[in-house]
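S.K.: following is a predicted model, sequence given first.
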Amino acid sequence: MSPSSPAGSSSSSIPFSNTLLALPDGPIAYDAADLRSHTVSYIGGYPTFPALSSAEKAPDTIKCGVCHEAIPLLAQVYCPPEDGENDRTVYVWACPRTKCQRRDGSVRAYRASARNEEYVRDVEEKRKQREKDEAEERERARKNPFSQMPDSNTNGSTLFGGGQSLFGGPPPSSTPPTNPFSTSSESQPPDLSSLSISKSNTTHAPPLPAYQPAQYLSTIDEYLPPPDEMDVDVDDKDETPAQAAEWRNERWEQLLPEYVDEVFERFVHRLENAEGGSGQVLRYELNGVPLPYSSTSKLYRQLFPEAPTSLKPSDENNQEVDLSKLYAPKDIPPCPRCGAKRVFELQLVPSLISALQPDSLSTTGRPAKKGKKNQTEEERKKELARLAGGLGDEGGLGEMEWGTVLVFGCSADCTGVGEEWVAVEWEATLSNSSA
Ligand SMILES: [Zn+2]
Ligand SMILES: [Zn+2]
């Protein structure tokens, strides 16, 4: 038999992780209905919160915890748990002001979960079907006590698995996709005065700052090549330089040769090696294991308290340390709404910073006019400050400086809207690499 016979390869050994990778997938027209739906995933733009019960109120603006100014949305992620009954949407904002970088409270995340009657019906139907199947099995077993129970129970146990319906894909049922919340007032601005009694979606609007245009997110499963191919030194530039260059901006080129940290190397490697995923801006895996950015961060010690100082193979077994086995997060505050445990949900990675540059900030709801040629740095800053009026007039906008942003969300998916727990590892620099 030929050694390359495809029939001999088993699909079970394909190294897919359970992580979904989200990649930018084209701009969204400023007047598109998708920008007023909480069931669409995108970066930039304005957030849309689902219709809430009358006792609930969507936040009308999100402010930086440091400078207390309104801050722009980085991402809205629609992520209903499989076999759940809710729409679930996670939102992340960050302050673009230079003076707020590296400070607690400048990055914030909210989650909105709303009962989706369609999902409720699905769950109910699945439950009925399961009960019916089980009753039939019992009946068969009664008639023939020697028959075997089949391996049932493949339903309903994968609360956080799969993810086929994540990020705004078609709903899991076979009914035509309908969005009960986006049928009316497509072209009207949201009425902010009626928020507290609102039974419809709430979308933020100008003059709040936003990165424009918003861009769709599409997702792929993370696929990693076999370890022997992946286990190459980061500094070994022999591997597909074109692919690497696609993802790696100047920021990384500057950092990599100087900043040697095994955790950071793994972080970069994991992102660069994902097949078709080198442009990923966001990683999603509810109840999964986050990918740490720096061994020197406080957060790393909080999430991987038992991690050894070196991750290189030890003498005995020649195995690299598997960080995911050492994931033991401590002191993650529980959900303040229902008391359930918070679990890792998603993480932003630095190519998102390249996708959301300060000069795309706008307060008009439309893309900012990019600076013309021959414009001095000073002129460009003034224009930016003018465009982003609400962002202050000091021209103090800059690139965000986080290395990764982690969001931990309620594991019980309690309904309503509220803030979730955010942890940030700041961008590695030479000055703090030894701190
Ligand atoms: Zn700020
Ligand atoms: Zn909760």
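M.R.: That came in fine, so what should we check first? Residues are numbered from 1 along each chain as shown. Ligands and ions are numbered 1, 2, ... in the order given.
S.K.: residue of the stretch 151-300 of the chain nearest ligand 1, please.
M.R.: The stretch 151-300 of the chain approaches ligand 1 most closely through Pro209 (11.1 Å), counting by C-beta to the ion. All C-beta atoms are positioned from the backbone trio N, CA, C, and that covers glycine.
S.K.: leaving out sequence neighbours, find the closest residue to that residue.
M.R.: Pro72 (4.6 Å; C-beta to C-beta, 6 or more residues apart in numbering).
S.K.: dump the residue contacts of the one you found.
M.R.: Contact analysis of Pro72 by C-beta atoms under 8 Å, 6 or more residues apart in numbering lists Gly44, Trp93, Ala94, Pro96, Leu208, Pro209, Ala210, Tyr211, Leu356, Leu361.
S.K.: could you redo the last one with a cut-off of 6 Å?
M.R.: Taking C-beta atoms under 6 Å, 6 or more residues apart in numbering, we find Pro72 in contact with Pro209, Ala210, Tyr211.
S.K.: would you list those in TSV and tack on pLDDT and secondary structure?
M.R.: Listed next are those as TSV, based on pLDDT from 0 to 100; DSSP: H, G, I helix; E, B strand; the rest coil:
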residue	pLDDT	secondary structure
Pro209	95	coil
Ala210	96	strand
Tyr211	97	strand
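S.K.: for those residues, which single residue is the most surrounded?
M.R.: Using other C-beta atoms under 10 Å as the neighbour test, the contacts of Pro72 are led by Ala210, with 31 neighbours.
S.K.: does that one touch Pro47 like I think?
M.R.: No: Ala210 sits out of contact with Pro47 when judged by C-beta atoms under 6 Å, with a separation of 9.2 Å.
S.K.: quick revisit: which among the contacts of Pro72 gets closest to Trp426?
M.R.: Tyr211 (20.3 Å; C-beta to C-beta).
S.K.: test my guess that the closest one contacts Gln357.
M.R.: No: using C-beta under 6 Å, Tyr211 makes no contact with Gln357, being 8.0 Å away.
S.K.: could you list the low-pLDDT ranges of the stretch 51-200 of the chain?
M.R.: By pLDDT under 70, the low-scoring segments of the stretch 51-200 of the chain are 145-166, 168-199.
S.K.: all strands of it, in order?
M.R.: All strands of the stretch 51-200 of the chain, identified by DSSP state E, counting those that start in this stretch, fall at 73-78, 86-94, 107-115.
S.K.: taking strand 86-94 as reference, get the angle to the first one.
M.R.: When axes from the mean of the first three to the mean of the last three C-alpha atoms, to 10 degrees is applied, the directions of strand 73-78 and strand 86-94 differ by 170 degrees.
S.K.: can I assume the residue of the stretch 151-300 of the chain closest to ligand 1 is in contact with Ser362?
M.R.: No: between Pro209 and Ser362 there is no contact under C-beta under 6 Å: 7.3 Å.
S.K.: will you turn the strands of the stretch 51-200 of the chain into TSV that also has mean neighbour count and distance to ligand 2?
M.R.: TSV is the format used below for the strands of the stretch 51-200 of the chain (neighbours: other C-beta atoms under 10 Å; distance: least, C-beta to the ion, whole Å):
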stretch	mean neighbour count	distance to ligand 2
strand 73-78	26	17
strand 86-94	24	11
strand 107-115	24	8
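S.K.: for Trp421, which non-adjacent residue is closest in space?
M.R.: By the measure of C-beta to C-beta, 6+ apart, the closest residue to Trp421 outside its immediate chain neighbours is Phe408, 4.4 Å from it.
S.K.: next secondary structure after the helix or strand where the one you found lies?
M.R.: Phe408 belongs to strand 402-410 when assigned by DSSP states H and E. As assigned by DSSP H and E, the chain's next helix or strand after strand 402-410 is strand 416-426.
S.K.: so which elements touch that next one?
M.R.: strand 107-115, strand 402-410 (3 or more C-beta pairs under 6 Å, 6 or more residues apart in numbering; DSSP states H and E).
S.K.: who wins for proximity to ligand 1 among those strands?
M.R.: Ranking the helices and strands packed on strand 416-426 by proximity to ligand 1 (C-beta to the ion) places strand 107-115 first, at 9.7 Å.
S.K.: quick one: that closest one to strand 86-94, angle?
M.R.: Angle, strand 107-115 to strand 86-94, by the same axes, to 10 degrees: 170 degrees.
S.K.: direction included, what does strand 107-115 pair against?
M.R.: Strand 107-115 has the following sheet partners, assigned by DSSP bridges: strand 86-94 (antiparallel), strand 416-426 (antiparallel).
S.K.: related to what we said a few turns ago, quick one: the helices and strands packed on strand 416-426 as JSON lines, columns for distance to Ala307 too.
M.R.: Formatted as JSON lines, the helices and strands packed on strand 416-426 follow (distance: least, C-beta to C-beta, whole Å):
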{"stretch": "strand 107-115", "distance to Ala307": "24"}
{"stretch": "strand 402-410", "distance to Ala307": "16"}
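S.K.: redo the strands of the stretch 51-200 of the chain as JSON lines? Include distance to ligand 1.
M.R.: Listed next are those as JSON lines, based on distance: least, C-beta to the ion, whole Å:
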{"stretch": "strand 73-78", "distance to ligand 1": "14"}
{"stretch": "strand 86-94", "distance to ligand 1": "9"}
{"stretch": "strand 107-115", "distance to ligand 1": "10"}
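S.K.: in a markdown table: these, plus distance to Val321.
M.R.: Converted to a markdown table, the strands of the stretch 51-200 of the chain look like this (distance: least, C-beta to C-beta, whole Å):
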| stretch | distance to Val321 |
| --- | --- |
| strand 73-78 | 30 |
| strand 86-94 | 30 |
| strand 107-115 | 29 |
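S.K.: how far away is the residue lying closest to Val321 once chain neighbours are set aside from Lys298?
M.R.: Leaving aside its chain neighbours, Val321 sits nearest to Leu311 (4.2 Å; criterion: C-beta to C-beta, 6+ apart). Leu311 is 18 Å from Lys298, where distance means C-beta to C-beta, to the nearest Å.
S.K.: more neighbours: the two, which one.
M.R.: Comparing Leu311 with Lys298 by other C-beta under 10 Å, the one with more neighbours is Leu311, at 18 against 10.
S.K.: that one in helix, strand or coil?
M.R.: coil (DSSP: H, G, I helix; E, B strand; the rest coil).
S.K.: surely it and Phe264 touch.
M.R.: No: counting by C-beta under 6 Å, Leu311 does not reach Phe264; the two are 11.0 Å apart.
S.K.: ligand 1 contacts on this protein?
M.R.: Counting by C-beta under 5 Å from the ion, the chain comes close to ligand 1 at Cys64, Val66, Cys67, Cys95, Arg97, Cys100.
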